[in-house]
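Enquirer: curious how this folds, go ahead:
(one chain, ligands or ions: 1)
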Amino acid sequence: MAETASVHSFHYSGRDLFCEDVSLAALAKKHGTPLYVYSQATLTGHFTKLDKALAPLPHLVCFAMKSNSNLAVIRTLADLGSGFDTVSAGEIQRVIAAGGDPRKCVFAGVGKTEEEITFALRQDIYSFNVESEAELKRISKVAVKLKKIAPVAVRVNPNVDAGTHAKITTGTYDNKFGIAFEQIGDVYARAAKLPNLRLRGLQMHIGSQLTDVTPFRKAVEKVVPLVTELNARHGFDFFSIGGGIGIVYDPALASGEAKWWKTPEGKKVLTPQIYADALVPLLKPLGLRILLEPGRFITGNAGVLVTRVEFIKKTGKKNFVIVDAAMNDLIRPAFYDSYHEIVPLTKKGGALVSSDVVGPICESGDFFAKDRPLAKVGEGDHLALLSAGAYGSVMGSTYNSRPLAAEVLVHGKKSAVVRRRQPVADIWRDEALTPWQ
Ligand code: LLP
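Expert: Numbering: from 1, shown residues only. I've put the predicted structure just below:
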């Protein structure tokens, strides 16, 4: 907690955990659990740090809203001038619903439908990030039909290993993303002959949760000469270097216990400044607008998931802490074996007990921590799962007919419900019996 306090606005005041100036225990009492709580100051702080570090370049930060697409989160970032990296027509509609500007949206994804392309073109989005030649042809066809010019950037796969979790590495030839580095020149030459396309830039993204700047530097070093050449031929506006900046999940790692956490520069955390220092000198000579697509860096440490302890179950081998949140609320530990720090809302002190923190769902994968030394807790106590702001609520489901959790945004002393807890009957609202029942 001490290590992570510097990167977000969740902190203890006395024995109680606060988000900015609001007690989390008070929020849990008022709104119930499981409850996502977000800090507006952390969202703003992280966006601003990155935006400032990139100030030497003409740039646009396009927040990857797949990490957290709550309307109030989008609005917070839109008000700071953010653009948006979207992956569906639904996400573009969310930007509009939040009062954001669709003309600051890029639209990525390997499987855009004609309907989605039509919608995006009508909204005058900034650019399509195109993943295949078939998609270029489809966008051209739709643009001709709508009598519009479609701005496009092809996603290059630089074949640089990001060295991150296999499920979130995207920039090697084993992945379905982008077009191989060697084929890009020919693809642009053919795209230039398709009607109603404007070849506006080039895009890349090598993976998520990168804790070392080296793969970013290697990919940018490899792709910059390609951008220079293509820009000379096609007259680009921008180069997007994607997202992927990692965050601190485990304070033990940040304190240097794990070697991989340290960057070659010997720094312990990948900060916007380390990122910018490595990349700005490589990008500046291009003279192009640089787009970034950070998601986790902005939202990850801006959110926690608050949960209540239902039961303590001691078996011969284990101390199970059974909580009211489950894998349907936060799937990352089950899906990626990922680590989330777990802290009490009210500190009690005492010896640490090796515990498994688990949810009520009938799957062994429904856990938040295994063999974790935790302060002793009892029924009715509350815990916070930290760093849950990115890929938390957005990956939630109603598995086991569990309603989607409520979400609250905190701003100084103020707090507001930004998603009400889903009423249980809404889970089957769109279902029906058949005519023969
Ligand atoms: N741009 C593209 C093209 C992406 O595919 C992604 C993430 C991003 C930007 C944003 O990456 P970020 O800055 O957030 O690392 N559910 C996983 C992460 C999936 C990431 C998918 N793509 C998790 O919980 O770790």
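Enquirer: how far away is residue 322 from residue 303?
Expert: 23 Å (Cβ to Cβ, to the nearest Å). Just so you know, the C-beta spots here come from the backbone N, C-alpha and C atoms, and that holds for glycine as well.
Enquirer: ditto for residue 367
Expert: Note on residue 367: its distance to residue 303, by Cβ to Cβ, is 20 Å.
Enquirer: for the two, indicate the residue with more neighbours.
Expert: With neighbours defined as other Cβ atoms under 10 Å, residue 367 and residue 303 compare such that residue 303 has more, 30 against 19.
Enquirer: contacts only, for the more buried one.
Expert: Applying Cβ atoms under 8 Å, 6 or more residues apart in numbering to residue 303 gives the contacts 36-39, 68, 387-390, 392-393.
Enquirer: mind running it again at 6 Å?
Expert: Neighbour list for residue 303: 36, 38, 388-389 [criterion: Cβ atoms under 6 Å, 6 or more residues apart in numbering].
Enquirer: now the end-to-end length of stretch 425-437.
Expert: Taking Cα to Cα, to the nearest Å, stretch 425-437 runs 20 Å from one end to the other.
Enquirer: now render the contacts of residue 303 as a markdown table, adding distance to the ligand and secondary structure.
Expert: Shown next, in a markdown table, are those (distance: Cβ to the nearest ligand atom, whole Å; DSSP: H, G, I helix; E, B strand; the rest coil):
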| residue | distance to the ligand | secondary structure |
| --- | --- | --- |
| 36 | 14 | strand |
| 38 | 16 | strand |
| 388 | 10 | coil |
| 389 | 11 | coil |
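Enquirer: what two of these are the furthest from one another?
Expert: By the measure Cβ to Cβ, 38 and 388 form the most distant pair in the contacts of residue 303, at 9.5 Å.
Enquirer: now do the strands in the stretch 151-300 of the chain.
Expert: 179-180, 197-203, 238-240, 289-292 (DSSP state E, counting those that start in this stretch).
Enquirer: show me which residues of the stretch 51-200 of the chain sit near the ligand.
Expert: Within the stretch 51-200 of the chain, the positions lying close to the ligand (Cβ under 6 Å from any ligand atom) are 64, 67, 85, 108, 168, 170.
Enquirer: tell me the least confident of these?
Expert: Ranked by pLDDT, those bottom out at residue 168 (66).
Enquirer: buried sites along stretch 225-242?
Expert: Across stretch 225-242, burial judged by 16 or more other Cβ atoms under 10 Å covers 226-227, 230-231, 234, 236-242.
Enquirer: if we only consider the residues you listed, which is nearest to the ligand?
Expert: Nearest to the ligand among the buried residues of stretch 225-242 is residue 242, at 4.8 Å by Cβ to the nearest ligand atom.
Enquirer: ok, now which ones touch that closest one?
Expert: Contacts of residue 242 (Cβ under 6 Å, 6+ apart): 204-205, 293.
Enquirer: switch the cut-off to 7 Å
Expert: 203-206, 293 (Cβ atoms under 7 Å, 6 or more residues apart in numbering).
Enquirer: just among the residues you listed, which is most surrounded?
Expert: Counting neighbours by other Cβ under 10 Å, residue 206 leads the contacts of residue 242 with 30 neighbours.
Enquirer: ok, that residue to the ligand distance?
Expert: Residue 206 sits 9 Å away from the ligand, going by Cβ to the nearest ligand atom, to the nearest Å.
Enquirer: going forward, count from 439.
Expert: Understood, numbering begins at 439; the last thing we discussed is residue 644.
Enquirer: these two touch, right, that residue and residue 608?
Expert: Yes - applying Cβ atoms under 7 Å, one finds residue 644 in contact with residue 608, separated by 6.3 Å.
Enquirer: grab the nearest non-local neighbour of the residue most central in space within the chain.
Expert: What sits nearest the mean C-alpha location of the chain, by Cα atoms, centre = their mean, is residue 505, with 2.7 Å. Nearest residue to residue 505, sequence neighbours excluded (Cβ to Cβ, 6 or more residues apart in numbering): residue 733, at 3.1 Å.
Enquirer: list the contacts of the one you found.
Expert: 501-502, 504-505, 681, 828.
Enquirer: among those, which ones are in helices?
Expert: Of those, none are assigned to helices by DSSP state H.
Enquirer: top of the residues you listed by number of neighbours, please.
Expert: The most crowded member of those is residue 501, carrying 33 neighbours; neighbours defined as other Cβ under 10 Å.
Enquirer: hmm, residue 519 and it touching each other?
Expert: No - using Cβ under 7 Å, residue 501 is not in contact with residue 519; the gap is 10.6 Å.
Enquirer: in this structure, which helix or strand is least confident?
Expert: helix 689-692 (a mean of 59; mean pLDDT, DSSP states H and E).
Enquirer: how near is residue 451 to residue 459?
Expert: 9 Å.
Enquirer: looking at these two, which is more packed in?
Expert: Using other Cβ under 10 Å, the more surrounded residue of residue 451 and residue 459 is residue 459, with 14 against 9.
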